[in-house]
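S.K.: Got a predicted structure plus its sequence, pasted below:
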Amino acid sequence: MNYFVELFFSGLTRGSIYALIALGYTMVYGIIGLINFAHGEIYMIGAFTAFIVASVLSIYGFPLLAIVILSGFAAAVWASAYGYTVEKLAYKPLRNASRLSPLISAIGMSILLQNYVLLAQTSDFLAFPQLIPDFPFMDRYADVLGSSDLVILVTTAIAMIVLTILIKYTRIGKAMRATAQDTTMAMLVGINVNRIISITFIIGSALAAIGGLLIASHIGQINFYIGFIAGIKAFTAAVLGGIGSIPGAVLGSFVLGLTESFATGYVSSDYEDVFAFSLLVLILIFKPSGLLGKSETKKV
Amino acid sequence: MTMATSFIKEINRSFLISLWFVFLTFPIMVIKVDSIEKTIQWRWWNMLYVALASFILSLLARWIKIWKQTRASTNDEDHGLGLEALIHSIIDDPRKRNVLALVVLAFALVFPFSFSSYQTVIMITALMYVVLGLGLNIVVGLAGLLDLGYVAFYAVGAYTYALLNYNFHIGFWVALPIGGLLAASFGILLGFPVLRLRGDYLAIVTLGFGEIIRLILENWGKFSHGPSGISNIPRPGLFGIHLSLDNAINYIYYIMIAFVIITIFIVNRLQDSRLGRAWIALREDEIACQAMGIDKRKTKLTAFALGAFWAGIMGVVFAAKETFINPASFTFLESAIILSIVVLGGMGSIIGVILGALVLILMPEYLRFLSQYRMFAFGAILVLMMVFRPQGLIANVRRTYKFEKKEEKRV
Amino acid sequence: MNDLILKINNLSMDFGGVRALNRLDLDIKNGEIVALIGPNGAGKTTFFNCLTGIYTPTEGDILLYSSDSLEGISIKGLKPNKITEKGLARTFQNIRLFPQMTVLENVMIGRHCRTKSYIFGAIFKNTANRKEEKETVDISYSILEKVGLADSVNEFAKNLPYGAQRRLEIARALATEPNLLLLDEPAAGMNPQETIGLVELIKEIAYDGLSILLIEHDMKLVMSLSHRIFVMDYGKKIAQGSPEEIRINPAVIKAYLGE
């Protein structure tokens, strides 16, 4: 029973990280119909920025709390800046091109960013400091839920709530929803569509960066390649839940995280990724637009 | 606005852009931490490099954009680099086309004797990607099915040969059709679950399939020998004659020339046929195509199967050429490269795909002097290609059916 | 020769809680031109979509008759391409041509279900394949001549003027050798001159023996062409009869003008 609970929380933790990344994919897709292949790299850059800032601050002897806050802040700021820049450089010029051109551009950006970090930093696995201390009150639950897991779950929950409030109740959120539904109409009613798109990228990137920081601290190491697999998984989660749907991305992420956790725990850990993709294929066979996606009634 | 003020505006703009990039790249370019020694390396010079590079590049990009705009306003159509018009004039004239083809063929035939063995190997790689590009072109360019997992079929072909050879001592020539047919079966297998999926869902599922195949190959050690791969795969045999390394490479080169010719021939014929038209109709409008009596499922599955067949054949050749394969050769990056070839080439045009393959494969090889910056440059090139020429090198070069009215009998 | 070409029994179509079609009965005799009219939202295009296999009706049956047998084949729930094979072709309300294909190629697509050359034939271009391709081209060209588009034969479909695009859609549908042709608002957006040309064209193809069911809002066209008219509103049939009968039918007038 203990094992089950442990796997359950482990799955939730995974799901949280996927969710933080998947939201960026789904929001961007919802608004400009693009699979942002470079998003995983934004997550990676967030992790690296957090690492660099945290390392510098700790060498200069800053207190732990300051390090956590500042490196988290730095990760979000810089990741957003990268997300914004990538959009302006590689996607904006292609808004009117066929579906495939921005996709190739995104793939190119992904390769470029990976190698940029590789060249500017290192190909080694870097040890990431444990930024989240072990809370004494968590000791009782240590074998099913660690302090780090708890922080991840809580942070993700907070992020979800803030995002939901933003989307549902603020003017910007409304503008985002309008642009996602009908870009031309949004322009015609006076919404600055370019700004909204940039904001979407910024929010998605910031969330991914937080995810990067959290998982790096949780696992303890980072490397220039972590963006790729996390990106694919998170994107799979977003598609699973119905790409373009924010609740879908969250649902898909938790479904994916839990499936992976239970599958690797009870079946085999080698085929972890195979389970993820097989799950995706199965769900899409029976519900081609994902769990929460709208099945498009054909307009003939 | 006078020339001077607009020039100053541009300088100003580029200056701000370079400031932005210095800020953007600050943590990653400037700071290098050694967490073991607890030291920080501050690479201030990088800031200068970034500032200069971004300043110059942003000015350059601006001027290119202005240049393109002035050209577009003076011409009716965007003739691109004039390349498209040139290509059209050559393709549409059968005589010119044949002359060009002969010239290229002659060059290709004498290539191994005028260049080193190393260059020949590079050429073989380029030719293989031409065939792979043409194969994927059937799926993506003609039928409009976004396949991001094409590398899976490539892997099936390679492992078919490697394993058949390892376990049953089956030779290259026998393995070749088997690899192709097995890959084609996988193509149909993959096709079934994705028949109902549209556009981007199809893309991610095919990507997933590609990864699944690679992961199975990596983890099912008993079957595939796992990450360590299979070595000592024999090169293609020539009636049992023992070939020196150089000759064996040339042999593979000529085999590839033959394959390229055959593939161009077949794809050309397919494009201009009832099946080819069905694919294009499917790509243009799936609903209308069904309404006109085309069986969508059969058409899609045929596209997947035929595309996969070529990848399988090339996989066998790959195994024979490298004599060693392991799952690491079949990553998503491969699928991405082949897809880029198709998109760069202009989607659906055979000449475009050939040019795209040559550009994308030969360029990195000749950029080897950039050594560790190669992949970075590759990524940058992909982005630049798409931003400056999104329709591909050669757009709209499908040879449509030209109807010629028979002349009335002169009275 | 069969009397009937199409018989619809009790056809209903539900979308979630909305009943778009409500127990429709309709029949079309061989060689007839029947018009389906009704206010916007009456369910006419939904009806077409059920006939052509895009939707599967919730209830009822659709029987298509051919000249060979007296038995009607149920085409309910069949895939769209199968239905076209069985002799029912259509045009679309919002023109759905293949824009990057030429006029001729568009019509050649229509020949797909009446030809059979596949991979082998395509690659080797054997005699059977060549013969079939030549036939496809010839038949397509003659259809283009009939609809008056022979001069634009090598133009890209997307470059044609609007009226010509509508005629091309008809040509493409004709290429499938239908027994029953469904035209969805063929005159929409046409000027009066183009409309007259269209009426002539429809009369010509009906004269060749084709049965036609058309949805239209242009009353002049409907009155001058149709043998019979079915009127729909809110998914139900509210009237049927000859043009004269429909013109004075109070239920029809109420549906259109409200009260």
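M.R.: Here it is on my side, so go on. Numbering: from 1, shown residues only, chains lettered A, B, ... in the order given.

S.K.: Show me which helix runs longest in the chain.
M.R.: Answering for chain A, as no chain was given. helix A:2-32 (DSSP state H).

S.K.: my bad, the chain I had in mind was chain C
M.R.: Ranked by number of residues, the top helix in chain C under DSSP H is helix C:127-147.

S.K.: close to chain A, is the helix or strand where residue B:351 lies?
M.R.: Taking DSSP states H and E as the definition, residue B:351 sits inside helix B:350-357. No. Contact between helix B:350-357 and chain A is absent, the nearest approach being 10.9 Å (criterion: C-beta under 8 Å from any C-beta of the partner chain). Where you see a C-beta, it was placed from the backbone N, CA and C, and this is true even at glycine.

S.K.: Just the CA coordinates for that helix, please, in PDB.
M.R.: Provided in PDB are the C-alpha atoms of helix B:350-357 (Å, rounded to 0.1, in the frame of the first residue of the first chain):
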ATOM      1  CA  ILE B 350      11.400  16.300 -57.000                       C
ATOM      2  CA  ILE B 351      14.100  18.700 -58.100                       C
ATOM      3  CA  GLY B 352      13.500  20.800 -55.000                       C
ATOM      4  CA  VAL B 353      14.000  17.700 -52.800                       C
ATOM      5  CA  ILE B 354      17.200  16.800 -54.600                       C
ATOM      6  CA  LEU B 355      18.500  20.300 -54.200                       C
ATOM      7  CA  GLY B 356      17.400  20.500 -50.600                       C
ATOM      8  CA  ALA B 357      19.200  17.200 -49.800                       C
END
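
S.K.: Any idea how far whatever helix or strand comes next after it is from the middle of the chain?
M.R.: Once helix B:350-357 ends, the next helix or strand along the chain (criterion: DSSP H and E) is helix B:363-366. Offset of helix B:363-366 from its chain centre (C-alpha atoms, centre = their mean, to the nearest Å): 14 Å.

S.K.: anything in helix B:363-366 near chain A?
M.R.: No. For helix B:363-366, no contact with chain A is found by C-beta under 8 Å from any C-beta; the gap never falls below 11.5 Å.

S.K.: what about the closest residue to chain C within the stretch 1-150 of chain A, distance to residue B:303?
M.R.: Of all residues in the stretch 1-150 of chain A, residue A:98 sits closest to chain C, at 11.5 Å by C-beta to the nearest C-beta. Going from residue A:98 to residue B:303 by C-beta to C-beta, to the nearest Å gives 18 Å.

S.K.: Who has more neighbours out of the two?
M.R.: residue B:303 (26 against 14; other C-beta atoms under 10 Å in any protein chain shown).

S.K.: got a list of what the more buried one touches?
M.R.: B:138-139, B:142-143, B:145, B:279 (C-beta atoms under 8 Å, 6 or more residues apart in numbering or on different chains).

S.K.: picking that back up, after the longest helix of chain A, next one along is what?
M.R.: Immediately after helix A:2-32, counting by DSSP H and E, sits helix A:39-59.

S.K.: Just want the angle from that next one to helix A:2-32.
M.R.: Comparing the axes of helix A:39-59 and helix A:2-32 via axes from the mean of the first three to the mean of the last three C-alpha atoms, to 10 degrees yields an angle of 120 degrees.

S.K.: do helix A:39-59 and chain B meet?
M.R.: Yes. Contact of helix A:39-59 with chain B (C-beta under 8 Å from any C-beta) involves A:45, A:48-49, A:51-53, A:55-56, A:59.

S.K.: One more: stretch C:171-191?
M.R.: Yes. If you take C-beta under 8 Å from any C-beta as the test, stretch C:171-191 does meet chain B, through C:172-173, C:176.

S.K.: Dump these into a markdown table; add neighbour count and secondary structure as well.
M.R.: Shown next, in a markdown table, are the residues of stretch C:171-191 next to chain B (neighbours: other C-beta atoms under 10 Å in any protein chain shown; DSSP: H, G, I helix; E, B strand; the rest coil):
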| residue | neighbour count | secondary structure |
| --- | --- | --- |
| C:172 | 30 | helix |
| C:173 | 26 | helix |
| C:176 | 24 | coil |
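
S.K.: quick one: contacts for the residue in chain C that chain B sits nearest to?
M.R.: Nearest to chain B in chain C, going by C-beta to the nearest C-beta, is residue C:113, at a distance of 2.9 Å. Residue C:113 makes contacts with B:292-294, C:81, C:84-85, C:176, as judged by C-beta under 8 Å, 6+ apart.

S.K.: Could you rerun that using 7 Å?
M.R.: B:293, C:81, C:84-85, C:176 (C-beta atoms under 7 Å, 6 or more residues apart in numbering or on different chains).

S.K.: so what secondary structure elements neighbour the longest helix of chain C?
M.R.: helix C:103-110, helix C:119-124, helix C:162-174 (3 or more C-beta pairs under 7 Å, 6 or more residues apart in numbering or on different chains; DSSP states H and E).

S.K.: In it, which residues are buried?
M.R.: Of all the residues in helix C:127-147, those buried under the rule 16 or more other C-beta atoms under 10 Å in any protein chain shown are C:129, C:132-133, C:136-137, C:139-141, C:143-144, C:146-147.

S.K.: can you check stretch A:181-195 too?
M.R.: For stretch A:181-195, burial by neighbour count (16+ other C-beta under 10 Å) applies to A:183, A:186, A:191, A:193.

S.K.: Quick check: the second one touching residue A:194?
M.R.: When you say that, I think you mean residue A:186. No. Here residue A:186 does not reach residue A:194: they are 11.0 Å apart, not a contact under C-beta atoms under 7 Å.

S.K.: Quick check: residues of chain B near chain C?
M.R.: Proximity of chain B to chain C (C-beta under 7 Å from any C-beta of the partner chain) is limited to residues B:266, B:269-270, B:273-278, B:280-281, B:284-285, B:287-288, B:290-296, B:400-403.

S.K.: Please indicate which of the residues you listed are buried?
M.R.: Applying 16+ other C-beta under 10 Å to the residues of chain B next to chain C flags B:266, B:269-270, B:273-278, B:280-281, B:284-285, B:287-288, B:290-296, B:400-401, B:403 as buried.

S.K.: Walk me through the domains of chain B.
M.R.: Listed by automatic domain parsing, the domain ranges of chain B are B:3-74, B:83-388.

S.K.: Most tightly packed of those?
M.R.: domain B:83-388 (a mean of 20; mean count of other C-beta atoms under 10 Å in any protein chain shown).

S.K.: Centre of the chain to it, how far?
M.R.: Worked out by C-alpha atoms, centre = their mean, domain B:83-388 lies 8 Å from the chain centre.

S.K.: Good, wrapping up.
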